[in-house]
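Novice: fold the following for me, if possible:
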Amino acid sequence: MARSFACSWLLVLASLCSFASGTEIRGKVGISADGFNLVQLKPGSATELLLTNAAGEQIRTFTDNNGWFTLHDVTPGTYVLTTTNPSFIYPELQLDVTGKAGLARAVYVVNKQQMMVQPFIIRPVALAQYYELRKPLDVWSFIKSPYGLMIGFMLFGIFVFPMLKVDPEEYKEAMAQLKGQQPADSSSQQRIRDR
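Specialist: Coordinates of the predicted model:
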């Protein structure tokens, strides 16, 4: 009886060991956009890490207050690690996990550049900006815009066109005086005398 009890315990322990055959991946998520200047995270903002294998199985975890994380029971294989935080943009990483060494290799998905795995630190590539920053008022850009051109033509028409209006008879007189001749029209001479 004691012998069968001991055998059953050995079987239970063996099955537990086979289920817990995965390794742990530990690392830290950086909270600085340039790797040097630390930025404080907003209270309540969490960084989520999602490890996905080729079959679509996922392991999800969150960082602690200092940015450390642990992914438990990761079986050997190739995974894609996606890091999400509302304040930063992180690169996707391809992780190669082996049974003995755990995390063997980490490669950026975008440019296939290999990164250090000891210590395994994920750094953001940029700050997340959800809205486009408003540009300051630029007078020259306003003048070149369709609204500025319409206003300019309107002002030209209001102020300059009335000055360009010339009576045809006065125009003939001015041209004759420029040439040094007397105007040919007698009615214009009469008007000059009347003045």
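
Novice: pLDDT weak spots in the protein?
Specialist: Along the chain, the model assigns pLDDT under 70 to residues 1-21, 32-44, 181-195.

Novice: could you rerun that using 90?
Specialist: Low-confidence segments of the chain (pLDDT under 90): 1-47, 63-69, 71-75, 85-90, 96-139, 141-143, 156-195.

Novice: tell me which stretches of it form strands.
Specialist: 23-29, 48-53, 58-62, 68-74, 77-84, 88-89, 93-98, 102-108, 114-115, 121-122, 126-127 (DSSP state E).

Novice: mind putting those into JSON lines with mean neighbour count and distance to residue 152?
Specialist: (Each C-beta comes from the backbone N, C-alpha and C, glycine too.) Listed next are the strands of the chain as JSON lines, based on neighbours: other Cβ atoms under 10 Å; distance: least, Cβ to Cβ, whole Å:
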{"stretch": "strand 23-29", "mean neighbour count": "18", "distance to residue 152": "54"}
{"stretch": "strand 48-53", "mean neighbour count": "17", "distance to residue 152": "54"}
{"stretch": "strand 58-62", "mean neighbour count": "13", "distance to residue 152": "58"}
{"stretch": "strand 68-74", "mean neighbour count": "15", "distance to residue 152": "60"}
{"stretch": "strand 77-84", "mean neighbour count": "18", "distance to residue 152": "50"}
{"stretch": "strand 88-89", "mean neighbour count": "18", "distance to residue 152": "43"}
{"stretch": "strand 93-98", "mean neighbour count": "18", "distance to residue 152": "55"}
{"stretch": "strand 102-108", "mean neighbour count": "17", "distance to residue 152": "52"}
{"stretch": "strand 114-115", "mean neighbour count": "12", "distance to residue 152": "56"}
{"stretch": "strand 121-122", "mean neighbour count": "18", "distance to residue 152": "54"}
{"stretch": "strand 126-127", "mean neighbour count": "12", "distance to residue 152": "40"}
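
Novice: how about those in a markdown table, adding distance to residue 149?
Specialist: Shown next, in a markdown table, are the strands of the chain (distance: least, Cβ to Cβ, whole Å):
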| stretch | distance to residue 149 |
| --- | --- |
| strand 23-29 | 51 |
| strand 48-53 | 51 |
| strand 58-62 | 55 |
| strand 68-74 | 57 |
| strand 77-84 | 46 |
| strand 88-89 | 40 |
| strand 93-98 | 51 |
| strand 102-108 | 48 |
| strand 114-115 | 53 |
| strand 121-122 | 51 |
| strand 126-127 | 38 |
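
Novice: which residues does the residue nearest the centre of the chain contact?
Specialist: Centroid check for the chain by Cα atoms, centre = their mean gives residue 129 as the closest residue, at 5.6 Å. Not one residue lies near residue 129 by Cβ atoms under 8 Å, 6 or more residues apart in numbering.

Novice: can you say which of the strands of the chain is nearest to residue 162?
Specialist: Among the strands of the chain, the nearest to residue 162 by Cβ to Cβ is strand 126-127 (56.2 Å).

Novice: strands paired with the closest one, and their directions?
Specialist: Next to strand 126-127 in the sheet, as set by DSSP bridges, lie strand 88-89 (antiparallel).
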